[in-house]
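Q: with the sequence up front, the predicted model follows.
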Amino acid sequence: MKDFRYNYIHSGERIAKARKEMKYTQKELAEMLNVSSKTISAIERGKNGISVATLIDLCKYLEVSTDYILFGYDTDINYVIQKKLKRLHPMQMKFVERIMDEIIPLVQCMYEEGVLADDKTMPDKTES
């Protein structure tokens, strides 16, 4: 019979990486999550799992998605874009908004004219 248990080691490694990117110590993260630093250490080493509630809070503090922690990649493109935009200075954000204001109508027009119709990554225009 196949073993379907989840391997916590990879998730723990991703948690440790995200924590370090945010420049938090294990103790600081533990305090945010209201757990002990030993608990964080055990999670990061893959010795312990994590409750859904704690996972959700952890992801908020570390600014990562649950998909990233659990599977190693982000499946929600909106999350990926929001994360990148959040790191911009307000003036940079205004510049990005101006670019988007120009690009989005162009992309929509190209899609409606069939220029992008063969692109399998584009949703069917009847979906929205």
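A: Arrived safely. Numbering: from 1, shown residues only.

Q: got the phi/psi numbers for Lys23?
A: phi 60, psi 40 (degrees, to the nearest 10).

Q: residues near it, how many?
A: Using other C-beta atoms under 10 Å, Lys23 has 7 other residues around it. C-betas here are computed from N, CA, C, even on glycine.

Q: what about it, distance to Asp74?
A: 21 Å (C-beta to C-beta, to the nearest Å).

Q: flag the shaky bits of the chain, pLDDT-wise.
A: Residues of the chain meeting the criterion pLDDT under 70: 1-4, 117-128.

Q: what segments of it are helices?
A: Taking DSSP state H as the criterion, the chain contains helices spanning 8-21, 26-33, 37-44, 52-62, 66-71, 77-86, 90-112.

Q: surely Asp57 and Val35 touch.
A: No: judged on C-beta atoms under 8 Å, Asp57 makes no contact with Val35 at a distance of 9.7 Å.

Q: list the contacts for the most centrally placed residue in the chain?
A: Geometric centre of the chain, nearest residue: Ser65, 3.2 Å, by C-alpha atoms, centre = their mean. For Ser65, the contact set (C-beta atoms under 8 Å, 6 or more residues apart in numbering) comprises Cys59, Asp74, Thr75, Asp76, Tyr79.

Q: in this structure Cys59 contacts Thr66, no?
A: Yes: counting by C-beta under 8 Å, Cys59 touches Thr66, with 5.4 Å between them.

Q: that'll do, ta.
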